[in-house]
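[1] After the sequence you'll find the predicted model.
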Amino acid sequence: MTERFAADVVVVGAGSAGAVLAGTLARDPACRVLLIEAGGRDWNPLLRVPLMTGVLLRGRHANWFYHSEPEPGLNNRRLFWPRGKVLGGSSAINGMVWTRGTPSDYDGWAQRGLPDWTWEKVLPAYRAIECYWRGDSPWHGGSGPQPVTRLERLHPLSQAFLEAGQAAGHPLAEDFNGPAPEGVGQYDFTISGGRRVSAANAYLAPLRGRANLQVLTGGHVLGLMLERGRAKGVEVALGGRRLQVHAAHEVVLSAGTVNTPQILMLSGIGPAEALRAHDIEVRTDLPGVGQNLQDHLLVRVEHDCTEPITLHALLRADRAALALGQALVSGTGPAARFPLEVGAFLRSDPSRSEPDLQAHFLPGLSTAAVRMPFSRGRPGAGHGFFANIYQLRPESRGEVALRSGDPLLAPLIRGNYLSAPVDIAMLRAGVRALRDIFAQAPFDRWRGAERAPGHARQSDADLDAWIRANADTVFHPVGTCRMGIDAMAVTDSRLRVHGVEGLRVADASVMPAMPGCNTHAPSMMIGARAAEFIATDLGLSRKEPELDHAS
């Protein structure tokens, strides 16, 4: 027997955007919200330990564990695509870096016919989200649900990176979320008291027990229920049961850049020919669903370290256990920090109007390369350090497509990386920019041999071959249900799906172009803006009751 649930607004996906959207709407007791998450509850204490990010990203717990199709521009390699599958979504397993992009990113969206997305209009949403460590200011919020902090006492190698960057001619950036995020500087994090604060921790935990907010975890959405051109709800598989969840006002898909277009296409909303190929009835022909996929592609410049001061020491089993215990019990110690303390926003060429490259420095080697505790790992990993770098606004475009009409099968992910020639040229410029920083005097004490790309690789051709063999995703996919006013747009400026009433999309998939930053903060902002739009439509009170914010 099919069970029935109902709410005013049904939100699919409890990630960076969905948790903000559901939590914000549910603050008004007049609005009944039902939030559906395919993953489980965020009960695992390891989800709160910042240094566990590397393990969480590469493990199956709380992770959809996707892979791309073979990528022609990357020697036909299949890239690993972790996406969060738990309350909090990817914000529960990501690197916790808080960057918002530049005003020009959002003004560029507005110039595409999206008047609700100028910097002037998105900044208040960011300020409402943030409980910023500097306090309230015209650029930051000081009392929002999401703590944003900065780590103290930099690692000596991180300090060397800041000094070396300045020696290489780059300015010291006081605030990567300020009006001019350029140069080398410290990152801000969604960490408080030595513990990760995911979007679910910030927006859903304070509402636990609210009668007007129901959260279904472990619910795999099979498709939308459509009636005469309107979304009436969703069908959900939950613990061997089949549920029908009805929406009195609307359904909002916040399932992310991969799963949102998949749900739309499974429901008959998408490219007509592709849907018919899987024997899916076409309900609304929207050719842009699944198209316009963009992602940040990184490379790493790695060095040996001549002194044993890197994070490699933490990989010894007894030290790892001690650090983990400290973090779990008191929120202190090395595991209560995230080591991407510093980085850079750089121009690939001085003639560029603003930075087009982003770097993160780590006083250790990547978890993709080193051994983990109790494992043998890569021979000779040892002490080293690296910085990654990626193009902020890539021109290559890929797609998410259906593998079949089976909603339980993962969709096809084609990043189409480096299909635009400028993208590999930008990565090559990034490698040279990092080499220049590492060559400066502040690294003389610690700089060992260059592990990657390796000193022998100097020519454009050699670097390009190395990039194609080694480049990897930064896990920032966006754009597969983009906003716009043209024939390939999926949603309008207020996130409503074209041609379907009662249906919105609110997640990173609506971004028409990649913002120049990590994508968690912009995704939360999109969730907050969606809540504004829906509250206006429902006539909800804009005055919010007092809440106990996440600690």
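    Arrived safely.
[2] Now residue 63: closest residue in space that isn't a chain neighbour?
    Excluding its sequence neighbours, the residue lying closest to residue 63 (C-beta to C-beta, 6 or more residues apart in numbering) is residue 82, at 5.1 Å. Backbone N, C-alpha and C define where each C-beta goes, glycine included.
[3] could you list every residue that touches the one you found?
    57-58, 63-66, 90, 93, 475 (C-beta atoms under 8 Å, 6 or more residues apart in numbering).
[4] Let's see that with 10 Å instead.
    56-60, 62-67, 90, 93-94, 473, 475 (C-beta atoms under 10 Å, 6 or more residues apart in numbering).
[5] do residue 181 as well
    Taking C-beta under 10 Å, 6+ apart, one finds 99-102, 173-175, 344-345, 354-355, 358, 516-517 in contact with residue 181.
[6] Buried members of these into ChimeraX, please.
    Buried residues within the contacts of residue 181, by 16 or more other C-beta atoms under 10 Å, are selected in ChimeraX with:
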select :99,100,101,102,173,175,344,345,354,355,358,516,517
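[7] so where do the strands sit in the stretch 401-550 of the chain?
    Along the stretch 401-550 of the chain, the segments classed as strands by DSSP state E, counting those that start in this stretch run 412-414, 447-452, 472-473, 503-505.
[8] With respect to residue 164, which of the ones you listed lies nearest?
    Nearest to residue 164, of all the strands of the stretch 401-550 of the chain, is strand 447-452, at 9.5 Å by C-beta to C-beta.
[9] So what's the gap between the closest one and the chain middle?
    The chain centroid and the centroid of strand 447-452 are separated by 30 Å under C-alpha atoms, centre = their mean, to the nearest Å.
[10] Same check on stretch 396-416?
    The answer for stretch 396-416 is 18 Å, by C-alpha atoms, centre = their mean.
[11] right, and residue 383 touches residue 302 too?
    No. Contact criterion C-beta atoms under 10 Å: residue 383 and residue 302 do not qualify, at 11.3 Å.
[12] Find residues that contact each of those two.
    Shared contacts of residue 383 and residue 302, counting by C-beta under 10 Å, 6+ apart, come down to 365, 448.
[13] which one of these two has more residues nearby?
    More crowded of residue 383 and residue 302, by other C-beta atoms under 10 Å: residue 302, with 23 against 20.
[14] still on that earlier bit, which one, of the strands of the stretch 401-550 of the chain, ends up nearest to residue 10?
    strand 503-505 (10.2 Å).
[15] Check which helices and strands the closest one sits against.
    strand 3-12, strand 230-238, strand 241-253, helix 256-266, helix 520-538 (3 or more C-beta pairs under 10 Å, 6 or more residues apart in numbering; DSSP states H and E).
[16] Let me have the ones you listed in TSV, extended by mean neighbour count, distance to residue 144 and mean pLDDT.
    Formatted as TSV, the helices and strands packed on strand 503-505 follow (neighbours: other C-beta atoms under 10 Å; distance: least, C-beta to C-beta, whole Å; pLDDT from 0 to 100):
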stretch	mean neighbour count	distance to residue 144	mean pLDDT
strand 3-12	22	20	92
strand 230-238	20	30	97
strand 241-253	21	21	97
helix 256-266	27	23	98
helix 520-538	24	9	97
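[17] Could you save those as CSV and add columns showing distance to residue 426?
    As requested, the helices and strands packed on strand 503-505 are arranged in CSV below (distance: least, C-beta to C-beta, whole Å):
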stretch, distance to residue 426
strand 3-12, 35
strand 230-238, 40
strand 241-253, 32
helix 256-266, 22
helix 520-538, 21
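[18] hang on, the earlier thing: filter the contacts of residue 82 down to just the buried residues.
    Members of the contacts of residue 82 classed as buried by 16+ other C-beta under 10 Å are 56-57, 62-64, 66, 90, 93-94, 473, 475.
[19] Report the two of the residues you listed separated the most.
    The farthest-apart pair in the buried ones among the contacts of residue 82, when distances are taken by C-beta to C-beta, is 62 and 473, at 18.3 Å.
[20] Start from the N-terminal end of the chain and give the helices.
    With DSSP state H applied, the chain shows helices at 16-26, 53-58, 103-110, 119-129, 156-167, 199-203, 256-266, 272-277, 317-330, 421-438, 460-470, 520-538, listed in chain order.
[21] Output the below-cut-off pLDDT ranges for the stretch 101-250 of the chain.
    Along the stretch 101-250 of the chain, the model assigns pLDDT under 70 to no residue.
[22] quick revisit: ok, which of the helices of the chain comes nearest residue 212?
    Shortest separation from residue 212 across those is recorded for helix 16-26, at 5.7 Å, computed as C-beta to C-beta.
[23] quick one on the thing from earlier: okay if I get the strands of the stretch 401-550 of the chain as a markdown table plus mean pLDDT?
    Shown next, in a markdown table, are the strands of the stretch 401-550 of the chain (pLDDT from 0 to 100):
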| stretch | mean pLDDT |
| --- | --- |
| strand 412-414 | 98 |
| strand 447-452 | 98 |
| strand 472-473 | 98 |
| strand 503-505 | 98 |
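[24] Out of those strands, which is closest to residue 212?
    Proximity to residue 212 (C-beta to C-beta) singles out strand 503-505 among the strands of the stretch 401-550 of the chain, at 19.4 Å.
[25] what distance separates the closest one from the centre of its chain?
    Relative to its parent chain, strand 503-505 has a centroid offset of 20 Å by C-alpha atoms, centre = their mean.
[26] swap in stretch 130-137?
    On the basis of C-alpha atoms, centre = their mean, stretch 130-137 sits 22 Å off its chain's mean C-alpha point.
[27] re the thing from before, dump the helices of the chain into JSON lines; add distance to residue 216 as well.
    Putting the helices of the chain into JSON lines (distance: least, C-beta to C-beta, whole Å) gives the following:
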{"stretch": "helix 16-26", "distance to residue 216": "11"}
{"stretch": "helix 53-58", "distance to residue 216": "23"}
{"stretch": "helix 103-110", "distance to residue 216": "32"}
{"stretch": "helix 119-129", "distance to residue 216": "25"}
{"stretch": "helix 156-167", "distance to residue 216": "42"}
{"stretch": "helix 199-203", "distance to residue 216": "14"}
{"stretch": "helix 256-266", "distance to residue 216": "15"}
{"stretch": "helix 272-277", "distance to residue 216": "27"}
{"stretch": "helix 317-330", "distance to residue 216": "28"}
{"stretch": "helix 421-438", "distance to residue 216": "40"}
{"stretch": "helix 460-470", "distance to residue 216": "41"}
{"stretch": "helix 520-538", "distance to residue 216": "18"}
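[28] quick one: which of these is nearest residue 487?
    helix 272-277 (12.8 Å).
[29] Show me what that closest one is packed up against.
    helix 256-266, strand 284-285, strand 399-401.
[30] thought residue 28 was touching residue 207?
    No. Contact criterion C-beta under 10 Å: residue 28 and residue 207 do not qualify, at 11.2 Å.
[31] so residue 254 touches residue 89, yeah?
    Yes. Contact criterion C-beta under 10 Å: residue 254 and residue 89 qualify, at 8.4 Å.
[32] Overlap in contacts, those two.
    What both residue 254 and residue 89 touch, as defined by C-beta under 10 Å, 6+ apart, is the set 13-19, 37, 507, 523.
[33] how about low-confidence regions in the stretch 401-550 of the chain?
    For the stretch 401-550 of the chain (pLDDT under 70), the answer is 541-550.
[34] coming back round to it: using JSON lines, lay out the strands of the stretch 401-550 of the chain together with distance to residue 335.
    Converted to JSON lines, the strands of the stretch 401-550 of the chain look like this (distance: least, C-beta to C-beta, whole Å):
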{"stretch": "strand 412-414", "distance to residue 335": "32"}
{"stretch": "strand 447-452", "distance to residue 335": "25"}
{"stretch": "strand 472-473", "distance to residue 335": "24"}
{"stretch": "strand 503-505", "distance to residue 335": "36"}
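[35] To residue 466, which of those strands lies closest?
    Per C-beta to C-beta, nearest to residue 466 of these: strand 447-452, 7.7 Å.
[36] quick one: the closest one to helix 156-167, angle?
    80 degrees (axes from the mean of the first three to the mean of the last three C-alpha atoms, to 10 degrees).
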